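**Q** here is my input, please return the structure:
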Amino acid sequence: MKNIIHILKQLLIVGIITFSIFDMTAIKAEAIKLDNPKISTLYVNTFGNKENTPIIFLHGGPGYNCAAFEFTAAQKLSEQNYFVIVYDRRGEGRSEDANAKHSFAEAVNDVKSIQEHFGLGKVNLIGHSFGGMLAVKFAEKYPELTQIIILVGAPIYLQESFKHIIQKSKLIYEEKSDNNNLRYVAMLEKMDTTTMQYASYCFMHAMQNGFYSPKVPTEDAKEIYKLFSLNPTLKLYSSNMTQYPPATFAKNDNYTNINLKDNISNLIKNDTKIYGIYGKEDGLYSAIQVEELQSILGEKNLVYYENCSHNSFVDQQKMFIDDINNWLK
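**A** Here you go, the predicted model:
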């Protein structure tokens, strides 16, 4: 367990630091006081007028936090007449809770409690990375409360992603004649693919090979990344991981082995609208994986950005907001 936690902590430090900020040094980063005892320990922040169209942002992980989106895109998105709610999942980031169970059931109930606290009707969910899995789980339990889901770089079946990461990493190591890493990959290919240790090593190779960052960032993205050091809260939480949620989520829900293709198809059949935003340089997903998801969502319901990796709300922020407007308005 300690070895896995160490791997995951290093993974976050190496990879999540690619998250940066816009000119958001004045953004408030104080938890809203929640009178609902069910969620009183959660860090929650809001942007925009409560009467506007509601969006709840579900961050990646497990073990991360919403700070990257909070300081890069939340304010700008709210200026498009949305009421944007961001929060850190229970027991993750700034939502400290020693009794957190780290399960989909708990996380789904917390989203429901946030929806109730603000007196919202149907909500729009932006699920980034692991947060996309949570969005699907929420919609399955509460379809009557779900307006639209937007999957942002979200895994649909991580086992396919792991194979892609290994294959792509192997090619890089072969081109560099990196025999040391080729030996590690050979060992990885013999591991039990259902274990958290296997998943952790796959993600480490993805980080090591720059699969989370665009090779040629846009000028706007460069400005966002350049301003990273200006906000101490973002700097702190983008390099800090809550240690236990990944392993505990895996133990409770085996999330690295969940295939959501049928779940998504069934939601769409039952009139839940689902859209996707993915980056062509996101090394977690092959073009074939994205094309298959597009065939499920519908050709016009998934956009695939150039010069964009895992964090489209930074890498292609203008297009990201424009597409959300196209789907929500």
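
**Q** and Gly121, how close does it get to Glu140?
**A** 19 Å (Cβ to Cβ, to the nearest Å). Placement of C-beta: from N, CA and C, glycine included.

**Q** can you check Met207 too?
**A** 31 Å.

**Q** those two: which has the busier surroundings?
**A** Set side by side, Met207 and Glu140 show more neighbours around Met207, with 22 against 18, by other Cβ atoms under 10 Å.

**Q** what number of residues lie near Ser312?
**A** Ser312 has 23 nearby residues by other Cβ under 10 Å.

**Q** how about the contacts made by it?
**A** Neighbour list for Ser312: Val152, Gly153, Ile277, Tyr278, Gly279, Tyr305, Met319, Phe320 [criterion: Cβ atoms under 8 Å, 6 or more residues apart in numbering].

**Q** redo those residues as JSON lines? Include distance to Glu291, neighbour count and secondary structure.
**A** Formatted as JSON lines, the contacts of Ser312 follow (distance: Cβ to Cβ, whole Å; neighbours: other Cβ atoms under 10 Å; DSSP: H, G, I helix; E, B strand; the rest coil):
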{"residue": "Val152", "distance to Glu291": "17", "neighbour count": "26", "secondary structure": "strand"}
{"residue": "Gly153", "distance to Glu291": "15", "neighbour count": "26", "secondary structure": "coil"}
{"residue": "Ile277", "distance to Glu291": "15", "neighbour count": "24", "secondary structure": "strand"}
{"residue": "Tyr278", "distance to Glu291": "10", "neighbour count": "25", "secondary structure": "strand"}
{"residue": "Gly279", "distance to Glu291": "14", "neighbour count": "26", "secondary structure": "strand"}
{"residue": "Tyr305", "distance to Glu291": "15", "neighbour count": "20", "secondary structure": "strand"}
{"residue": "Met319", "distance to Glu291": "19", "neighbour count": "18", "secondary structure": "helix"}
{"residue": "Phe320", "distance to Glu291": "20", "neighbour count": "25", "secondary structure": "helix"}
